[in-house]
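J.: how does the following fold in three dimensions:
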Amino acid sequence: MSAAADAARTTANILLEIEAVLFRPDAPFTFTSGRKSPVYVDCRKIISFPRARAKLMDLAVERIAASVGYESLDVIAGGETAGIPFAAWIAERLGLPMVYVRKKPKGFGRNAQIEGTFPEGARALLVEDLATDGGSKLGFIEALRGAGAEAAHSFVVFHYGIFPEGIARLEAEGVSLHALCTWYDALAAAEAAGYLSGQGLAEVKAFLDDPDGWQEIVFYTNPQSRGRIVRWMLEEVEAPYRAEYLTYGPALQTPEFLAVNPMGKLPAIRHGGTVVTETVAICSYLADAFPERGLAPPPPARGAYYRWLFFSAGPFDAAITARAAGFEPPEAVRGMIGYGSLERVLDTLERQLSAAPYLAGTDFTTADLCAGAQLVFGQHIEVIAPRPVFTDYLDRLAARPAFRRAAALDEAAQAAMDQQGETREQPA
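T.: I've put the predicted structure just below:
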């Protein structure tokens with residue numbers, strides 16, 4: 001085994017031991033960007049483990065010497081803020097001065113972006129804790145070069161190693177990135193230590209091999225299903241997704257689809273490693289997964305939102321389905337049914353929409369999407385008669401660009417399925 005490979009294995013084992021790297025394929029991590037990942041790394045934990053950090057810094061110095069040279073550096077520069085302690089430890093071991101680089105000038109006093117000093121033409125090594133796509137490194141490199149340094153190398157403890165375009169950007173700017181280990185090293189260590197099941201290993205490897213593809217939402221649907229509601233929601237959140245159209249019958253009973261939804265029902269989505277079924281659950285999940293779209297109120301203000309969201313999933317859906325199936329609950333058991341009668345459900349909805357433009361108040365939310373879609377369906381199958389309040393409400397919903405896009409996409413999908421002679425109607 002080469003020295004670099006041995007260092008990568010040692011580093012990965014240390015990071016696993018101190019839980020600086022985590023694997024969670026069954027419940028992926030969600031970042032502030034909305035992106036999901038079955039893996040997470042926090043190299044800042046290293047500072048709390050003296051023996052571990054000492055070993056890692058020894059390995060870092062060996063790696064730098066082998067990749068950059070023994071006498072090829074004049075100053076070590078730490079990137080704000082996570083890179084600063086690592087830069088200090090490396091500078092001490094190499095007997096070199098250290099500076100640190102701010103993400104932007106501090107805005108007062110000397111307006112300095114670099115704290116510390118070095119002579120013109122000093123050969124600088126930028127140090128940070130980790131690199132994902134390498135983008136943040138370029139800002140620090142630019143600052144160092146602007147201050148008169150030669151900056152052609154960057155070192156990190158951990159490099160994701162799954163975004164080749166990031167390395168290409170660094171190389172285009174004349175910067176070489178050096179790291180102790182990558183996610184592939186961490187995965188190999190996790191496999192050897194039995195951290196993951198076979199399925200978990202496969203899920204993580206799928207992410208590492210294609211992180212952008214793994215992020216994609218896969219939408220299982222049929223244009224003649226409640227998938228139309230989820231389609232509308234997907235268009236509202238404006239997230240990339242890929243539709244998998246399934247016909248009713250055997251296609252919903254294959255082992256592959258039953259692994260997604262054991263009920264053999266549509267719709268369903270897979271978002272990274274997360275699978276969600278049930279229409280309102282999917283819509284609620286998407287509202288929370290993409291909070292920047294504003295389709296759910298802040299948690300403290302969700303009382304009315306939850307009420308009407310689950311009104312759609314429970315009483316409204318059940319009442320429409322029962323009427324469409326020709327079932328009318330006898331008066332004596334209406335209290336047991338949960339919705340009483342369709343008329344009672346519609347009267348309740350009408351009163352709310354007479355008091356406010358949307359169910360949870362003045363703003364459109366996912367509750368409106370779910371209830372509005374039920375109202376559209378009920379009128380389409382002629383179990384709900386038009387009422388002026390409902391007409392005005394549906395006009396507001398139909399004016400939404402996402403509603404129009406979703407309807408057009410489903411109509412086009414249905415036309416394509418009809419042309420191919422695939423099953424159109426859901427069987428009884």
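
J.: quick one: low-confidence ranges for the stretch 251-400 of the chain?
T.: Judged against pLDDT under 70, the stretch 251-400 of the chain has no low-scoring part.

J.: how does this protein divide up, domain by domain?
T.: For the chain, whose domains are defined here by automatic domain parsing, the residue ranges read 3-209, 216-419.

J.: tabulate those domains (a markdown table), appending mean neighbour count.
T.: Backbone N, C-alpha and C define where each C-beta goes, glycine included. Listed next are the domains of the chain as a markdown table, based on neighbours: other C-beta atoms under 10 Å:
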| stretch | mean neighbour count |
| --- | --- |
| domain 3-209 | 18 |
| domain 216-419 | 17 |
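
J.: where along the stretch 151-300 of the chain do the helices fall?
T.: 164-172, 183-193, 198-209, 211-215, 227-237, 255-258, 279-289 (DSSP state H, counting those that start in this stretch).

J.: which stretch among the ones you listed comes nearest D58?
T.: helix 183-193 (17.5 Å; C-beta to C-beta).

J.: confidence-wise, which of the helices of the stretch 151-300 of the chain is weakest overall?
T.: Lowest mean pLDDT within the helices of the stretch 151-300 of the chain: helix 211-215, a mean of 82.

J.: got the buried residues for that one?
T.: Going by neighbour count (16 or more other C-beta atoms under 10 Å), the buried part of helix 211-215 is 211, 214-215.

J.: chain center to that helix, what's the gap?
T.: Relative to the chain's own centre, helix 211-215 is displaced by 9 Å; criterion: C-alpha atoms, centre = their mean, to the nearest Å.

J.: by contact count, what packs against it?
T.: Applying 3 or more C-beta pairs under 8 Å, 6 or more residues apart in numbering; DSSP states H and E, we find helix 211-215 packed against no helix or strand.

J.: so which residues make contact with that helix?
T.: Contacts with helix 211-215, where a contact means C-beta atoms under 8 Å, 6 or more residues apart in numbering, come from 35-37, 162-163, 206-207, 240, 271-273.

J.: so which of those belong to strands?
T.: Among those, the members found in strands (DSSP state E) are 36-37, 271.

J.: out of the residues you listed, which one sits closest to L73?
T.: For the ones in strands among the contacts of helix 211-215, the residue nearest L73 by C-beta to C-beta is S37; the value is 33.6 Å.

J.: would you check how far apart the residue nearest to that closest one when sequence neighbours are not counted and V39 are?
T.: Among residues not flanking S37 along the chain, F29 sits closest, at 5.1 Å (C-beta to C-beta, 6 or more residues apart in numbering). Noted for F29: a distance of 8 Å to V39, by C-beta to C-beta, to the nearest Å.

J.: okay, T423: pLDDT?
T.: On the pLDDT scale, T423 is placed at 51.

J.: before we move on, back to that, spit out the residues that contact F29 and V39 alike.
T.: Taking C-beta under 8 Å, 6+ apart as the criterion, F29 and V39 both touch L22.

J.: re earlier: nearest to G148 among the ones in strands among the contacts of helix 211-215?
T.: S37 (38.5 Å).

J.: the closest one and L208 touch, don't they?
T.: No. The pair S37 and L208 fails to qualify as a contact (C-beta atoms under 8 Å) at a distance of 10.0 Å.

J.: let me know the helix or strand that L349 is in.
T.: helix 342-355 (DSSP states H and E).

J.: now for V237: which residues touch it?
T.: Counting by C-beta under 8 Å, 6+ apart, V237 touches 286-287, 289-290, 293, 295.

J.: what about 10 Å?
T.: 34, 217, 283, 286-287, 289-293, 295, 366, 402 (C-beta atoms under 10 Å, 6 or more residues apart in numbering).

J.: likewise for M98?
T.: Residues in contact with M98 (C-beta under 10 Å, 6+ apart) are 75-78, 84, 87-92, 115-116, 118, 127.

J.: let's see which of those end up in strands.
T.: Checking the contacts of M98 against DSSP E, those in strands are 75-78, 115, 127.

J.: wasn't M417 part of a helix?
T.: Yes. Counting by DSSP: H, G, I helix; E, B strand; the rest coil, M417 falls inside a helix.

J.: pretty sure it is touching Y245, no?
T.: Yes. Counting by C-beta atoms under 10 Å, M417 touches Y245, with 6.4 Å between them.

J.: need the overlap of contacts for those two.
T.: Residues touching both M417 and Y245 (C-beta under 10 Å, 6+ apart) are 222-223.

J.: for the residue nearest to C370 when sequence neighbours are not counted, which three-state class applies?
T.: Computed as C-beta to C-beta, 6+ apart, the closest residue to C370 that is not its neighbour in sequence is S312, at 3.9 Å. What three-state DSSP gives for S312 is helix.

J.: residues contacting S312?
T.: Contact partners of S312, counting by C-beta under 10 Å, 6+ apart, are 229, 279-280, 283, 349, 359, 366-375.

J.: go again with 8 Å.
T.: 280, 367, 370-371, 374.

J.: before we move on, the earlier item: can you list the helices of the stretch 151-300 of the chain in a markdown table and add distance to I46?
T.: Below are these laid out as a markdown table (distance: least, C-beta to C-beta, whole Å):
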| stretch | distance to I46 |
| --- | --- |
| helix 164-172 | 22 |
| helix 183-193 | 14 |
| helix 198-209 | 22 |
| helix 211-215 | 24 |
| helix 227-237 | 37 |
| helix 255-258 | 42 |
| helix 279-289 | 31 |
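
J.: hmm, back to that, now, which of the buried residues of helix 211-215 sits nearest M233?
T.: Looking across the buried residues of helix 211-215 and measuring by C-beta to C-beta, the closest to M233 is Q215, at 17.6 Å.
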